[in-house]
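Undergrad: I would like to see how this sequence folds:
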Amino acid sequence: MLKELLIVGCCWLPMSGVVCANEVHTRSSDVVSPSIYGEWKLVGASMAVPVNCRRTLMRISPDGYVSEQSQSDHGELFSFRAQARIKQQGSRFLLTLSSPQHNGKPDCLGNPARYISSNFLNSVHLQLNGNRLYHYLGSDQQAGYLRYERVPLAERR
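TA: Numbering: from 1, shown residues only. Okay, the predicted model is just below:
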């Protein structure tokens with residue numbers, strides 16, 4: 001099963017039909033909209049998402065980091081953090097991520113952190129639509145997406 005899976009952020013998805021871009025952009029003087037920053041909770045997707053992965057949280061911080069957390073079947077908290085270069089084009093964002101740092105725990109599907117690190121994709125395509133953030137599994141929605149909603153300040157941990 002592991003050979004048929006692909007990592008996007010820390011989310012594992014079937015490789016069938018998924019194309020991921022690996023272009024790298026250098027940090028420039030581009031001004032990034034502050035609306036991308038904050039805590040986002042996974043609420044849906046264009047494909048089935050395993051129950052344990054439905055509580056995934058993603059944080060994008062103004063200091064240039066992206067982090068994600070999920071829980072394994074055994075209740076272990078997996079987390080990773082990577083430095084991000086963000087390039088904005090209208091409501092679309094391309095995040096180019098550094099190698100992730102992780103806590104060594106398995107992700108929401110039980111995949112080992114070391115395997116996730118060695119297969120980590122460094123490009124993430126996002127689109128902001130109000131309080132919803134779409135994480136495209138390729139350069140556009142044709143390859144599928146994960147849908148996040150902004151976590152209100154009152155609900156943040």
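
Undergrad: Bridging across strands, which residues link to residue 61?
TA: Residue 61 has the following beta-bridge partners by DSSP bridges: residue 65.

Undergrad: Quick check: which ranges of the protein have low pLDDT?
TA: Applying pLDDT under 70 to the chain flags the ranges 1-31, 139-141, 156-157.

Undergrad: can you give me the helices in it?
TA: For the chain, applying DSSP state H gives helices covering 113-118.

Undergrad: which strand in it runs the most residues?
TA: Identified as the longest strand of the chain according to DSSP state E is strand 77-89.

Undergrad: residues of it that come out buried?
TA: Neighbour counts over strand 77-89 (16 or more other Cβ atoms under 10 Å) mark 78-82, 84-88 as buried. C-beta coordinates here come from the backbone N, C-alpha and C atoms, glycine included.

Undergrad: With stretch 50-68 instead?
TA: The neighbour-count check on stretch 50-68 (16+ other Cβ under 10 Å) flags 52-53, 56-60, 66-68 as buried.

Undergrad: How many residues are close by residue 99?
TA: Counted with other Cβ atoms under 10 Å, the neighbours of residue 99 add up to 12.

Undergrad: cool, the one 3 residues further on as well?
TA: Residue 102 is flanked by 21 other residues according to other Cβ under 10 Å.

Undergrad: quick one: it from residue 93, how far?
TA: Between residue 102 and residue 93 the computed distance is 23 Å (Cβ to Cβ, to the nearest Å).
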